[in-house]
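Novice: Everything below, folded, please.
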Amino acid sequence: MKEKFQWKKINLNKWLENKTFLWVMSLIIAVGVWGTIVYNLYPDTTKVIQGVPITINTQDTRIRQLGLNVISGNDTTVDVLVTARRYLIDSITADDIEVTALMNGVTAPGDATLELQATVKSSSNKEFTIERVTPRKVQVKFGRLVNKTFKVEVDVSGATIPEGFTMETAIPNPLEVTVSGPEEEITKISRAVVKVEADRELTSTETLKAQKIVLYDENNEPIISEHLKLDKESADVKLPVLKKKELPLVVKFINVPTGFDVSKLEYELSAQTVNVAGPAEVMDNYSELVVGYIDLKTLSLDSSYAFTVELPTDFVNLDNVTAVSVNFDTSGMKQKTFYVKNLSVVNAPANYDVSISTKSLRVTVIGPSSEVNEMTADDIVATVDISDQEILTGEYKAPVKVAIPGRGTVWPYGDYSVSINVSEK
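Specialist: Here you go, the predicted model:
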């Protein structure tokens, strides 16, 4: 059988005789009474809002007229003492306050001490009063911001270049850097330099990535300033290491008749060789440098030629030889004109009839006097090669190839053509 629960009577007299109980109850009642009195008699309280940013109005008429910009000090924060209802005070933050620097003291570039004024932001829906701003003033630096572009210089140290090689001027990328900052600091900049420590032997071109660009003043002291901004903080540096070689200068001949020996021509170049430098892997493929081509058909007894010395890509002309003249020794040579009747057509299509209307061709030849004096018109052969041209019907001019078989030191001078007649079979 379940026992019936019985309520015990509370002995109030016993609790009232307990000193500890009476002390605790007295404290609770006192705190409650104090809170009620304070809340009703003193409903407002204060709080310090920390880290409130300041606003500097760079669009201020005075600032714009002076052409000034804020250099430093605009990142300052302040503490603001506010008063508000006790139930509201904890919800107030820095976002509810605007602290503005007054521009009255700004008259020129440099440091200025500006008073601060704090107000409740119009966007805030909280009611409170601003009592005080700490600190009351702020130091702000003003200046005229300008841009200036400097050529990037490269200072290479530690590199060892072996015999037979040379290192050309290092090439930075970018070639220029633009620096932005206060005018008075920009004027102190003398150079923009990339310092490269190679510390090894170099036999080929290398590119060093992301080398820091450092600004220097006129005393070659590095400039360190948080107010100067570079559009490129670093540069890649190419160290062109090239192999040196002395190459003979030569000319080549074109439109050389079959059997003609060009080695029999006597001529002299104003420069016989040139010292050059180039990539080692390419340089080894060169045994000479061709400065130009001479069309043998244009070579007369008084001809001379001039050529510009052009080097392959990435080659450097160490002798600074930029032009070469070619003069021929034509002493003992003779020029003579013949009327050639030995005219023929070669490579004519099977479905066309091709005939030469011209009866004889006036041809000028040049060569050693002994050879030319022995020649007759029958020694000269003039042919029209139909395969070298578009076939048209009718009569028209066609180019002629002139050969002098058996005369390896005589050449035809000039261009020639004859009239041909073409018809379909």
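
Novice: quick one: strands adjacent to whichever strand or helix holds Ala398?
Specialist: Element membership of Ala398, judged by DSSP states H and E, is strand 394-399. Using DSSP bridges, strand 394-399 pairs in its sheet with strand 417-424 (antiparallel).

Novice: quick one: average pLDDT of the strand it pairs with?
Specialist: The pLDDT scores in strand 417-424 average 94.

Novice: how far out from the middle of the chain is it?
Specialist: 59 Å (C-alpha atoms, centre = their mean, to the nearest Å).

Novice: List the buried residues for that strand?
Specialist: 418, 420, 422 (16 or more other C-beta atoms under 10 Å). For every residue, glycine as well, the C-beta is placed using N, CA and C.

Novice: Tell me the spacing between the residue lying closest to the first one once chain neighbours are set aside and Glu168.
Specialist: In space, not counting the residues next to it along the chain, Val418 is nearest to Thr358; the distance is 3.8 Å by C-beta to C-beta, 6 or more residues apart in numbering. Using C-beta to C-beta, to the nearest Å, one obtains 59 Å as the distance from Thr358 to Glu168.

Novice: residue ranges of the helices in the stretch 201-350 of the chain, please?
Specialist: 280-283 (DSSP state H, counting those that start in this stretch).

Novice: Run through the residues that contact Thr76.
Specialist: Taking C-beta atoms under 8 Å, 6 or more residues apart in numbering, we find Thr76 in contact with 53-54, 138.

Novice: Mark which of those are buried, thanks.
Specialist: Buried among the contacts of Thr76 (16+ other C-beta under 10 Å): 54, 138.

Novice: Kindly reformat the contacts of Thr76 as a markdown table containing secondary structure, distance to Glu226 and pLDDT.
Specialist: Supplementary listing: those in a markdown table, determined by DSSP: H, G, I helix; E, B strand; the rest coil; distance: C-beta to C-beta, whole Å; pLDDT from 0 to 100:
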| residue | secondary structure | distance to Glu226 | pLDDT |
| --- | --- | --- | --- |
| Pro53 | strand | 19 | 95 |
| Ile54 | strand | 19 | 95 |
| Val138 | strand | 18 | 93 |
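
Novice: between the contacts of Thr76, which is closest to Arg407?
Specialist: Pro53 (98.3 Å; C-beta to C-beta).

Novice: Could you find the closest non-adjacent residue to the closest one?
Specialist: Thr77 (5.4 Å).

Novice: from what I can see that neighbour touches Gly51, true?
Specialist: Yes - with contact defined as C-beta atoms under 8 Å, Thr77 counts as touching Gly51 (4.7 Å).

Novice: how close does the residue most central in space within the chain get to Asp155?
Specialist: Centrality entry for the chain: nearest residue to the mean C-alpha point is Pro174, 4.3 Å, by C-alpha atoms, centre = their mean. For Pro174, the distance to Asp155 equals 17 Å [C-beta to C-beta].

Novice: So Thr77 and Gly51 - more neighbours on which side?
Specialist: Neighbour totals were compared for Thr77 and Gly51, and Thr77 leads with 13 against 10 (other C-beta atoms under 10 Å).

Novice: so who does the residue nearest to Val418 touch?
Specialist: 343, 418-419.

Novice: now do Asn74
Specialist: 54, 56, 140.

Novice: could those go into TSV alongside distance to Gln65?
Specialist: Below are the contacts of Asn74 laid out as TSV (distance: C-beta to C-beta, whole Å):
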residue	distance to Gln65
Ile54	22
Ile56	16
Val140	17
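
Novice: Would you mind giving the domain segments of the protein?
Specialist: 12-41, 44-143, 147-239, 243-328, 333-424 (automatic domain parsing).

Novice: The last one: end-to-end distance?
Specialist: Think domain 333-424. End-to-end span of domain 333-424 (C-alpha to C-alpha, to the nearest Å): 46 Å.

Novice: What of the third one?
Specialist: Here the two ends of domain 147-239 are set 29 Å apart, with distance taken as C-alpha to C-alpha.

Novice: pLDDT averaged over it, what's the number?
Specialist: Computed over domain 147-239, the average pLDDT equals 94.

Novice: what do you get for the fourth one?
Specialist: Averaged across domain 243-328, the pLDDT comes to 94.

Novice: from here on, count from 54
Specialist: Sounds good: first residue 54 from here, last item domain 296-381.

Novice: gap between that domain and the chain center?
Specialist: 35 Å.

Novice: mind checking the end-to-end distance for it?
Specialist: So domain 296-381: terminal residues 34 Å apart, C-alpha to C-alpha.
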